[in-house]
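# Need a 3D model of the sequence below.
(one chain, ligands or ions: 1)
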Amino acid sequence: MSRQIDVSDLDIYYGSFLAVEKVTMEIRPRSITALIGPSGCGKSTFLRSLNRMHEVIPGARVEGKVVLDGQDLYGPGVDPVAVRRSVGMVFQNPNPFPTMSIYDNVLAGMRLNNKRMRRSEADDVVEQSLRGANLWKEVQDRLDRPGAGLSGGQQQRLCIARAIAVQPQVLLMDEPCSALDPISTLAIEDLMGKLKEEYTIVIVTHNMQQASRVSDRTGFFNIEGTGKPGKLVEMDATDTIFSNPSVKATEDYVSGRFG
Ligand SMILES: Nc1ncnc2c1ncn2[C@@H]1O[C@H](COP(=O)(O)OP(=O)(O)OP(=O)(O)O)[C@@H](O)[C@H]1O
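All right, here's what the predicted structure looks like:
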């Protein structure tokens, strides 16, 4: 499995509104790709199209291709639920099931997938996922307590544990730190650095420092005006985007001159 995503000529619509136009992008395996750009340019819309989450909105659709490991995720007969299993997602606000125990939260995705497991197998998945999310040490003695009892940063790591429990190939993260304090943010950033050894990660962030700290490659999206579609302006190694971009709009954005 290469865990590479190749997007070609992707148009993304909400009904008749073209929100994102003609994106072609190579998302490299076992690396972190950051998507940046001003509000409304379609970063979250594009991210959601990578695991067919976009389709849960009535009237939303795409044209073009998203290919993961040689399979067109929008091809005929492809099950969107299976796509979401191999391309997991972590959202802006940590959203563990509040009354469910930490233990059951980790297994929630697997249970949705109707996977039956022996207790010892489930114990292993919980421990490995929580270790993978750098949360095991903090919660190992209170696995039966509700997820809501954790701090915001711990809840976000619990959501990451839940996402990796189903062993996805790709992890999509939509502003995963925007609801967190700086210390929890650094903990998630450290964790992302570790996770990229195994997963392909795509992150949407408004935080330029975060994009430059954590990502290997960065794509800059922009929009020409209200009602116009968002477009991928350029994509390159993160260092290049931040120090020597090819397009003036990128330079203006990363240097804080607009956006
Ligand atoms: N559920 C929806 N129905 C209709 N239009 C939508 C929906 N979600 C987003 N849009 C529109 O699609 C365009 C892109 O929105 P999107 O949220 O993807 O941008 P973004 O770059 O992620 O913005 P932000 O940085 O503010 O989160 C916007 O014009 C937005 O109004």
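# got a list of contacts for the host helix or strand of Ile188?
With elements taken from DSSP states H and E, the one containing Ile188 is helix 182-195. Residues from elsewhere that reach helix 182-195, judged by Cβ atoms under 8 Å, 6 or more residues apart in numbering: 32, 132-134, 151-154, 156-157, 160, 164, 171, 173, 176-177, 180, 201, 203, 210, 213-214. Bear in mind the C-beta positions are built from the backbone N, C-alpha and C, glycine included.
# How about stretch 197-206?
3-5, 27-36, 43-44, 47, 50, 164, 168-178, 192, 195, 211, 214-215.
# swap in stretch 140-151?
Here stretch 140-151 makes contact (Cβ under 8 Å, 6+ apart) with 96-103, 105, 126-127, 130, 139, 155, 158, 184.
# Buried residues, that stretch. List them.
Within stretch 140-151, the residues that count as buried by 16 or more other Cβ atoms under 10 Å are 143, 146-147, 150.
# that older thread, for the ligand, tell me which of the contacts of helix 182-195 show up nearby.
Counting by Cβ under 6 Å from any ligand atom, nothing from the contacts of helix 182-195 sits close to the ligand.
# In ChimeraX, how would I select just the buried ones from those residues?
Applied in ChimeraX, the following selects the buried portion of the contacts of helix 182-195 according to 16+ other Cβ under 10 Å:
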select :32,132,133,134,153,154,156,157,160,164,171,173,176,177,180,201,203,210,213,214
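# just checking, which of the contacts of helix 182-195 belong to helices?
132, 152-154, 156-157, 160, 164, 210, 213-214 (DSSP state H).
# Put together a markdown table for the residues you listed, with pLDDT on each row.
Output for those, formatted as a markdown table (pLDDT from 0 to 100):
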| residue | pLDDT |
| --- | --- |
| Gly132 | 92 |
| Gly152 | 92 |
| Gly153 | 93 |
| Gln154 | 94 |
| Gln156 | 92 |
| Arg157 | 94 |
| Ile160 | 94 |
| Ile164 | 93 |
| Gln210 | 94 |
| Arg213 | 95 |
| Val214 | 96 |
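# Identify, from the residues you listed, the entry nearest to the ligand.
Proximity of these to the ligand (Cβ to the nearest ligand atom) peaks at Gln210, which lies at 13.7 Å.
# What are the neighbouring residues in contact with the closest one?
Counted by Cβ under 8 Å, 6+ apart, Gln210 has contacts 34, 177, 185, 189.
# Gly227: which of those is nearest?
Ala34 (26.4 Å; Cβ to Cβ).
# Tell me, how many residues neighbour the closest one?
Neighbourhood size, Ala34 [other Cβ atoms under 10 Å]: 27.
# From the chain's centroid, how far away is the host helix or strand of it?
Using DSSP H and E, Ala34 sits within strand 32-36. Relative to the centre of its chain, strand 32-36 is centred 9 Å away, using Cα atoms, centre = their mean, to the nearest Å.
# Contacts only, for the most centrally placed residue in the chain.
In the chain, the centroid-proximal residue (Cα atoms, centre = their mean) is Leu172; its distance is 1.5 Å. Leu172 sits next to 47-48, 50-51, 87-90, 201-203 when contact means Cβ under 8 Å, 6+ apart.
# at 10 Å what do you get?
33, 35, 44, 47-51, 53, 84, 87-91, 163, 200-204 (Cβ atoms under 10 Å, 6 or more residues apart in numbering).
# Same question for Ile27.
3-7, 33, 35, 50, 66, 68, 170, 200-202, 217, 219, 235.
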